[in-house]
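A.B. asks: show me how the following folds:
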Amino acid sequence: MDICVVTYKNTADRIRPAVRDQDELWVRDNTHDNIGFGAGCNKLAARGTQPIILFVNPDGDPQAGCFDALERALLDDPALVAVEATLGPGWDRELEPEFLCGACFAVRRSAFEAVGGFDERLFMYIEDNEISYRLSLMGNFRREPTALFAHDSHPLTSLRLLHSYFRNELTVDGWKGRARPLGMLRGAALALQGRSWRTSITKLSGTISYLIWTRRWEAPQMPVIPGVADHVGVDRWTPRRGRR
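C.D. replies: Residues are numbered from 1 along each chain as shown. Sure thing, here's the model as predicted:
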């Protein structure tokens, strides 16, 4: 596999021990030239040639056999285009999640290149949600229970990062035809009532940024797959009541 690690003020030292002899490790340091997570991943993926690409965050520890299990899942099931690791306690994920978690997932190179990689406009956050939408048109993805990746949980506290998270969430939901800016604004009001001022401010600012700027972004081009009906993957993204 081509193993791609984008770092920012850290290193890939926690990932290196799990790299196998047949793997190629590619590391992009975004510390001094931060081009964004998605762009960094795209640059690293383009350097490799192996049929499976593994994207993994540097702030986690692959447990014994993690990379073997991810690779085996893709080799054993031709219908799978991607598979994510199990992140452990505190990460409640179904076996067939709605979207891939970018902390540690493997994807077929053919599928990744067919959808055009990560959307680099998102810079940081929700990029894994967005690429999952396009990958779902290529086939299935799931979580592999035997691939364990102990991932650190970092609650968002930065106003800038929270702003990006909420803005990108609305942007990607807009591409899927289900953006709910009024729901985000109601969430901001409720957060203010609960004295969660960071959440309130950033939900408000994220909504404003979406309405005056990113709402006008064109949706990424969907892959053209001969013989595949246009409706493939739609059910996965059916809006749910009470989402916000």
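A.B. asks: now stretch 210-219 - C-alpha only, PDB.
C.D. replies: What follows is stretch 210-219 as a C-alpha-only set of coordinates in PDB (Å, rounded to 0.1, in the frame of the first residue of the first chain):
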ATOM      1  CA  TYR A 210     -21.700  29.700   3.700                       C
ATOM      2  CA  LEU A 211     -24.500  32.100   2.700                       C
ATOM      3  CA  ILE A 212     -22.300  34.800   1.200                       C
ATOM      4  CA  TRP A 213     -19.400  32.700  -0.100                       C
ATOM      5  CA  THR A 214     -19.200  28.900  -0.200                       C
ATOM      6  CA  ARG A 215     -22.900  28.400  -1.200                       C
ATOM      7  CA  ARG A 216     -21.800  29.600  -4.600                       C
ATOM      8  CA  TRP A 217     -19.100  27.000  -5.000                       C
ATOM      9  CA  GLU A 218     -19.900  24.500  -7.700                       C
ATOM     10  CA  ALA A 219     -20.300  20.900  -6.500                       C
END
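A.B. asks: list the buried residues for that stretch?
C.D. replies: Buried residues in stretch 210-219, counted by 16 or more other CB atoms under 10 Å: 210, 214. C-beta coordinates here come from the backbone N, C-alpha and C atoms, glycine included.
A.B. asks: and the pLDDT for the most far-flung residue of the chain relative to its centre?
C.D. replies: Relative to the centre of the chain, the most outlying C-alpha is that of residue 193, 31.1 Å out, by CA atoms, centre = their mean. On pLDDT, residue 193 comes in at 95.
A.B. asks: helices along the protein, start to end?
C.D. replies: Residue ranges of the helices in the chain, as given by DSSP state H, are 37-47, 66-76, 109-114, 127-135, 159-175, 181-193, 197-212.
A.B. asks: residues contacting the closest residue to residue 11 other than its chain neighbours?
C.D. replies: Setting aside the residues directly before and after it, residue 11 is nearest to residue 58 in space (CB to CB, 6 or more residues apart in numbering), at 6.5 Å. With contacts defined as CB atoms under 8 Å, 6 or more residues apart in numbering, residue 58 is in contact with 5-7, 10-15.
A.B. asks: how many other residues sit next to the residue lying closest to residue 201 once chain neighbours are set aside?
C.D. replies: Distances taken as CB to CB, 6+ apart place residue 159 nearest to residue 201, at 6.7 Å, with adjacent residues excluded. By other CB atoms under 10 Å, 13 other residues sit near residue 159.
A.B. asks: residue 159 contacts residue 202, correct?
C.D. replies: Yes. Between residue 159 and residue 202 there is a contact at 5.8 Å, judged by CB atoms under 8 Å.
A.B. asks: returning to that earlier point: to residue 21, which of the helices of the chain lies closest?
C.D. replies: Comparison of these against residue 21 by CB to CB identifies helix 66-76 as nearest, at 11.5 Å.
A.B. asks: just checking, residue 4 touches residue 57?
C.D. replies: No. Assessed by CB under 8 Å, residue 4 is found out of contact with residue 57, at 10.4 Å.
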